[in-house]
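Student: the following block contains a protein sequence and its predicted model.
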Protein chains: 2
Amino acid sequence: MQTIRALPSRTLFFSSCCRDSTRLARLQHFRPRYFNTANNPTYAAQFKARTKLQGKMASTATTLKGQPLDRALLDQTLRRRLFYTPAFEIYNGVAGLYDYGPPGCALQANIIDVWRKHFVIEEDMLEVDCTVLTPDEVLKTSGHVEKFADWMCKDPKNGEIMRADHFVEDILEARLAGDKQARGQKVEEEAEGEADKKKKKKSKGKAEAVKLEDAVVKEYEEILAQIDNYNGEQLGELIKKHDLKNPATGVQPSPPIPFNLMFQTAIGPSGHLHGYLRPETAQGQFLNFAKLLEFNQNNMPFASASIGRSYRNEISPRAGLLRVREFLMAEVEHFVDPEGGKKHERFHEVEDVELVLLDRHVQLSGKTDLTKMTIGDAVKNKVVDNETLGYFLARIFLFMKKIGVDESKMRFRQHMANEMAHYAADCWDCELLTSAGWIECVGCADRSAYDLSVHAKKTGAPLYVRERLDEPKIIEEFEVEIDKKQFGPRFKKDAKAVQTALEETSQEERESYAKSLAENGKVTLKVAGVGDGNVEVSSDLVKIERKKRTVNIREYTPNVIEPSFGIGRILYSLIEHNYWTRASDGGDEARSVLSFPPTVAPTKVLLVPLSTNAAFKPFITQISRKLRQLGVSSKVDASSATIGKRYSRNDELGTPLGVTIDFQTVKDGTLTLRDRDSMVQVRAEEDKILDAIKAIVDGTKTWADVENELPKFVGQELEVEVR
Amino acid sequence: MQTIRALPSRTLFFSSCCRDSTRLARLQHFRPRYFNTANNPTYAAQFKARTKLQGKMASTATTLKGQPLDRALLDQTLRRRLFYTPAFEIYNGVAGLYDYGPPGCALQANIIDVWRKHFVIEEDMLEVDCTVLTPDEVLKTSGHVEKFADWMCKDPKNGEIMRADHFVEDILEARLAGDKQARGQKVEEEAEGEADKKKKKKSKGKAEAVKLEDAVVKEYEEILAQIDNYNGEQLGELIKKHDLKNPATGVQPSPPIPFNLMFQTAIGPSGHLHGYLRPETAQGQFLNFAKLLEFNQNNMPFASASIGRSYRNEISPRAGLLRVREFLMAEVEHFVDPEGGKKHERFHEVEDVELVLLDRHVQLSGKTDLTKMTIGDAVKNKVVDNETLGYFLARIFLFMKKIGVDESKMRFRQHMANEMAHYAADCWDCELLTSAGWIECVGCADRSAYDLSVHAKKTGAPLYVRERLDEPKIIEEFEVEIDKKQFGPRFKKDAKAVQTALEETSQEERESYAKSLAENGKVTLKVAGVGDGNVEVSSDLVKIERKKRTVNIREYTPNVIEPSFGIGRILYSLIEHNYWTRASDGGDEARSVLSFPPTVAPTKVLLVPLSTNAAFKPFITQISRKLRQLGVSSKVDASSATIGKRYSRNDELGTPLGVTIDFQTVKDGTLTLRDRDSMVQVRAEEDKILDAIKAIVDGTKTWADVENELPKFVGQELEVEVR
């Protein structure tokens, strides 16, 4: 992974790095896998197990209080309170594009704020803000132009375009449902939102009660268990073999072709400079590596970080915020010396953090048993590859807890060996359990030296670290020495290509070439594009000899540990994890509550004057101002609705605290403070109430503390409950 | 601007709104004007005056301390400290795209943070976060697809594409410079950065010493004075008339054609849904108006706000951060009832704020005299159209001051009457003086009901306010009543068009039609696209009568006051306004200092151990942690450079405070605190130093306060100055 030498030669250097030009594995964090594992029975078993687990969990999704999660009711609440809304809805919308309304926008900003403090500030990371527009050359080098694609097929009759795996999945699921109907079994419906239900009606999956052979049922189930793992050709074969037809037209769709998921555009007026909207924020960080290293005064290790939008032109977006075309990412690129086991200076701070792991060995055995283990043990036992990767897994866990993710609905799943790109050392996803199953919300990969290497190789930029050695080292290696004076005249236009081919040889190749030169006075090289591809070089033109040299500088390409966060997915999962309902006084209607921790709650305090009486106004103005000075966001609800209704509305918005201004306030300046979750109120003088608010918002006190310290208030309790 | 009626009919309603389909005027905030004012001598004078002023100012740009601004030195500093850097530089870069490095990124985040507190939180605005991808239908309605363009021409010989106004400008400026040379006059060079200089070398403007006729000089000067105001045809005429040739080829470029400045892409796999990257954040806010109004419990007035990227495919970006293709905007859309003079509830809070104004009357008289006036007087004297607009101008001023803009380099320039779209009531730019002249950094326009009206008309969405009247009103108006049963059979496929034409008539038209129906038993309507465009409707099909009705609900389309901030431009101007140099001890080298106020400074405190001695490390760790708990960002510089060098480095980064840990610290726990601007140091116990830091960062104390309270420290002063 790294070389030690005195005379840096780019070509020589890169020959020791991996050459793979795809980032496919990491891109997978936010998309299904389409590696060809379909013919691998172990994989089939493993994915089947995963899918079954997902299905089971999905149908038993629960709220914060363990109630069955009513996704339709939650969706209603989120829409009514404008957490997010389909973009361009008055123009009939565009699939996969959502706008965040005020509470969603504030929730997102608060999550980002915690993220920045937890990662960037705490770890002194170098935050950068790079452009979304990216010229195609960059994304060719990274492998996205060639490989960042999904399989799509087209209905030849009505022109409808479908994502091939979704199409196969829908038709087979419909057939299985029809079979169950025919057998008189109950068809289990997955918990899903209204939007999804609407879509389902229009989708391919219309179940007709037709009984299938047992063997066919088994085959379909096996296909579905590994639907994410077929390539285009295989999906095409499935369509033919099982005669899968589009119900809308009764015909089979065309064979799947790859569809690149990047949005393309032209930069500048000529139209010749093709560009894309970045599919991830990472590339900007890699390209600026040399500048960042210098900014960091050449100190290693260090991390850069970036928060920004990325874009993926999904063929058929679905599942609300979970698969969208424009989304916010937060990514860290931690650059580390590959030598010395990738230790992390602060690992000891997190080694006792316990994580729920689903490692690749368990998955390989077809099981889904989760193991709880400290990250210290996980690294010690080589379950997790190295300290730095382990450190970030623990930090991700702590971040998730801080923002209010339900710890019992979080796990870390390791990528299978061939689920990762070959250059990746290890990769774990932080998955959150929602009504749509286990959702990959953060990917954390050790990407080795891949990214920096490909860009350096393409551009010649010095994307490496030069480190003065404490003691000089003696290195003995085969070196290539070319007689440039003769090389040009002999090979003419091919001289450069032949030279490069020679320089890119490995030590092993050089050893054999040296032998050939000594024995035959010449060597035959493979040089693509020159003559018939075989080029003879005689010993008067090149010397290949084993030489010793003293090395004072070590030069290496850092490895990259990359935690990559999909903020929209985290935000949505967080909403589900903090959602619950309580009965209204009548008991016939469930009232939604979002119990966000104060840190991320869109608004911290609701100010409620008892009525529209003008006497309350000066108090409202004054308390608003004081809260603002304390840096605590508040909202006033001075509408004519009952206090109970106003509090209910804000329980749906996740506002943790409420302050009531009533006639008692006018008399003696006391206020009541209400806790969203327990609905308990206390009453005290303004200063004490403000202190309590500040302490709760800062996390130095809990509601229980405040309830112990301040007199309980019951006078308005009844009133609060009247709707 | 608004109607009162009982039976809302969309068509009827919108007929009272302005129909103009362009937002050209507002788009101008960030681009040159190309309204046709070239033939208006008053305008010529006015623009000439402006240009001259700009030129003069540019060549005398000063630093914070009044020194001549050395733009090259500043550029060097910004590059060295990685404030920003050309994006994709290792791939040779893409014009108009920049990445922000760590200090630029932090500065930007801090400006945004102040903006959010100053506007969104202080005014309880509804912040939304909308998508950048926008389907073309939306931007067709807004007028961008048709009108958002610059004029470009092409060299027929080498294919080079140029922005037509820039081309004319470059050639004429070169000829004038050549004339000056020939006359033996000094050619004044504008202050400019290295990047610009490099570009200049490649640009069209190669001066050859050729003397021109006096009349020609005058003509060229007049053209340049109003170069922003020619349309494509006029620019083409100038090229022909003055035989302007591309020096690279010696031929005239082709006639200018419009080039739309939006980046286009295709959304979804079919390729049929065209979309653009939004050129501004405003549209998302307009489209969500109805939802936002409901979220605001139907209370008016209210404002929405949005912070996000926008995109403009500039033909030839130049001037660094001032004209880029991808940029951050912050926009407010304040929705206000057009009735009652657009009063603002909190206007009294700002009425004494004094602004430097350049109103349109002064500009019309060809002058550039700036007037200092309270915003209270400006509104009273009708210099500024209304209270709400005035309120925001004052708030913009206060925001600029808060982040550290130099008040003496800020002015508000009013748009000329025909510089605005006809629907706009008034528009002012907040301009900041930089080495590139006066730069439009914020636009603040009263856009009337235009935006909501066009989208409502196109989609039928209820983008209006319904307000219950305190007392019912009696309205007497001509109403159109159509006999629908007969209408269909009579007009068949044209029935809808004829009905719409009838409903869209004004009260005046209805009066004359009523007369015609009464006198002739029929009326002839203009209906485009139906027959020969004239349609006869007889009195059995339609009744037009004056009727009284009682109205309980008032329905109106709110007007929009729109402050629109270009964050990159503000950030760059802020850097120039806070930049100065001080002599090093040798006096031969200028050291750059960026005196950002603590609020926006990228880092607040630098922690400097005297040397790499291990004894200092625990102190560094502890102070870092305590500062983090106080919410104060700090950086450690434990490099082996001298303390003086380390402080110099951080003066360039704009870090306001420095803490030194030395052997005295190890003995007695005291620390020194250094002020970036005065380089004065104080020494005290850790707690006192931390309190002082917190107070300075929060703005409750100034350095002068701290210097008075804590003992001055001189011991290290010498050491600090040693480099």
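Tutor: Perfect, I can see it now. Residues are numbered from 1 along each chain as shown, chains lettered A, B, ... in the order given.
Student: ok, residue A:396 - contacts?
Tutor: By Cβ atoms under 8 Å, 6 or more residues apart in numbering or on different chains, the residues touching residue A:396 are A:430, A:442, A:444, A:563. Glycine gets a C-beta too; all of them are placed from N, C-alpha and C.
Student: and it, which helix or strand is it part of?
Tutor: Secondary structure from DSSP states H and E places residue A:396 in helix A:387-403.
Student: tell me which residues of that helix are tucked away?
Tutor: A:387-397, A:399-400, A:402-403 (16 or more other Cβ atoms under 10 Å in any protein chain shown).
Student: residue A:622: neighbouring residues, count only.
Tutor: Using other Cβ atoms under 10 Å in any protein chain shown, residue A:622 is surrounded by 12 other residues.
Student: I'd like the distance between it and residue B:373.
Tutor: Applying Cβ to Cβ, to the nearest Å, the value for residue A:622 to residue B:373 is 32 Å.
Student: just residue A:529 next, same as before
Tutor: Residue A:529 sits 74 Å away from residue B:373, going by Cβ to Cβ.
Student: chain B contacts on the stretch 351-500 of chain A?
Tutor: A:455, A:459, A:461, A:463 (Cβ under 8 Å from any Cβ of the partner chain).
Student: apply 7 Å and report the result again.
Tutor: Counting by Cβ under 7 Å from any Cβ of the partner chain, the stretch 351-500 of chain A comes close to chain B at A:455, A:459, A:461.
Student: what is the nearest of those to residue B:610?
Tutor: Using Cβ to Cβ, residue A:461 comes nearest to residue B:610 of those, at 36.8 Å.
Student: identify the residues contacting the closest one.
Tutor: Residue A:461 is in contact with A:290, A:455, B:90, counting by Cβ atoms under 7 Å, 6 or more residues apart in numbering or on different chains.
Student: OK, contacts around the first one?
Tutor: Listed by Cβ under 7 Å, 6+ apart, the contact set of residue A:290 reads A:461-463.
Student: sec struct for it, please.
Tutor: Classification of residue A:290 by DSSP: H, G, I helix; E, B strand; the rest coil places it in helix.
Student: please apply the same query to the last one.
Tutor: Applying three-state DSSP to residue B:90 yields a three-state assignment of helix.
Student: now the one 4 residues further on
Tutor: Under three-state DSSP, the three-state class of residue B:94 is coil.
Student: now swap in the one 5 residues further on and tell me
Tutor: Reducing the assignment to helix, strand or coil with three-state DSSP, the entry for residue B:99 is strand.
Student: in which helix or strand does the residue nearest to residue A:513 when sequence neighbours are not counted reside?
Tutor: What sits nearest to residue A:513 in space, not counting adjacent residues and going by Cβ to Cβ, 6 or more residues apart in numbering or on different chains, is residue A:523, at 4.7 Å. If you go by DSSP H and E, residue A:523 is part of strand A:522-526.
Student: ranges for the helices of the stretch 451-600 of chain A?
Tutor: For the stretch 451-600 of chain A, the helices defined by DSSP state H, counting those that start in this stretch occupy A:484-491, A:495-503, A:507-520, A:567-577.
Student: summarise which helices and strands the third one is packed against.
Tutor: When you say that, I think you mean helix A:507-520. Helices and strands touching helix A:507-520, by 3 or more Cβ pairs under 7 Å, 6 or more residues apart in numbering or on different chains; DSSP states H and E, are strand A:465-482, strand A:522-526, strand A:542-556.
Student: now mean neighbour count and mean pLDDT too, for those, in CSV please.
Tutor: Shown next, in CSV, are the helices and strands packed on helix A:507-520 (neighbours: other Cβ atoms under 10 Å in any protein chain shown; pLDDT from 0 to 100):
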stretch, mean neighbour count, mean pLDDT
strand A:465-482, 13, 90
strand A:522-526, 16, 87
strand A:542-556, 15, 91
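Student: tell me the domain boundaries of chain A?
Tutor: Chain A breaks down into these domains under the TED database: A:149-260, A:477-551, A:603-709.
Student: compute the first-to-last residue distance for the shortest one.
Tutor: Counting by Cα to Cα, to the nearest Å, you get 12 Å between the two ends of domain A:477-551.
Student: what's the answer for stretch A:85-104, then?
Tutor: Stretch A:85-104 has an end-to-end distance of 10 Å (criterion: Cα to Cα).
Student: ok, back up a step: any idea which of the residues of the stretch 351-500 of chain A next to chain B is closest to residue A:682?
Tutor: Checking these against residue A:682 by Cβ to Cβ gives residue A:455 as the nearest, at 59.0 Å.
Student: does the closest one touch residue A:464 like I think?
Tutor: No. Taking contacts as Cβ atoms under 7 Å, residue A:455 lies outside contact range of residue A:464: 11.1 Å.
Student: run the chain-centre distance for the host helix or strand of residue A:219.
Tutor: Counting by DSSP H and E, the element that carries residue A:219 is helix A:214-225. Helix A:214-225 sits 31 Å away from the centroid of its parent chain (Cα atoms, centre = their mean, to the nearest Å).
Student: elements contacting that helix?
Tutor: Helices and strands touching helix A:214-225, by 3+ Cβ pairs under 7 Å, 6+ apart, are helix A:41-59, helix A:164-182.
Student: and the angle for that helix with helix A:164-182?
Tutor: Here the directions of helix A:214-225 and helix A:164-182 differ by 140 degrees (axes from the mean of the first three to the mean of the last three Cα atoms, to 10 degrees).
Student: which residues make contact with whichever helix or strand comes after helix A:214-225 from outside it?
Tutor: Once helix A:214-225 ends, the next helix or strand along the chain (criterion: DSSP H and E) is helix A:232-241. Identification of contacts with helix A:232-241 by Cβ under 7 Å, 6+ apart yields A:38, A:151, A:164-165, A:168, A:223, A:230, A:244, A:252-253, A:255-258.
Student: check stretch A:691-704 too.
Tutor: A:598-599, A:604-605, A:630, A:632, A:657, A:673, A:675, A:678, A:706, A:710.
Student: partner strands of the strand holding residue A:523, with direction?
Tutor: Neighbouring strands of strand A:522-526 in its sheet, by DSSP bridges, are strand A:534-538 (antiparallel).
Student: buried sites along the strand it pairs with?
Tutor: Those would be A:535, A:537, for strand A:534-538 by 16+ other Cβ under 10 Å.
Student: quick check: angle from it to strand A:542-556?
Tutor: Going by the same axes, to 10 degrees, strand A:534-538 makes 100 degrees with strand A:542-556.
Student: and strand A:534-538, C-alpha only, in CSV?
Tutor: Output of strand A:534-538 as CSV, limited to C-alpha atoms (Å, rounded to 0.1, in the frame of the first residue of the first chain):
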residue,chain,number,x,y,z
ASN,A,534,4.5,-6.4,-28.6
VAL,A,535,7.5,-4.2,-28.5
GLU,A,536,11.1,-5.3,-28.5
VAL,A,537,13.6,-3.2,-26.4
SER,A,538,17.3,-3.9,-26.7
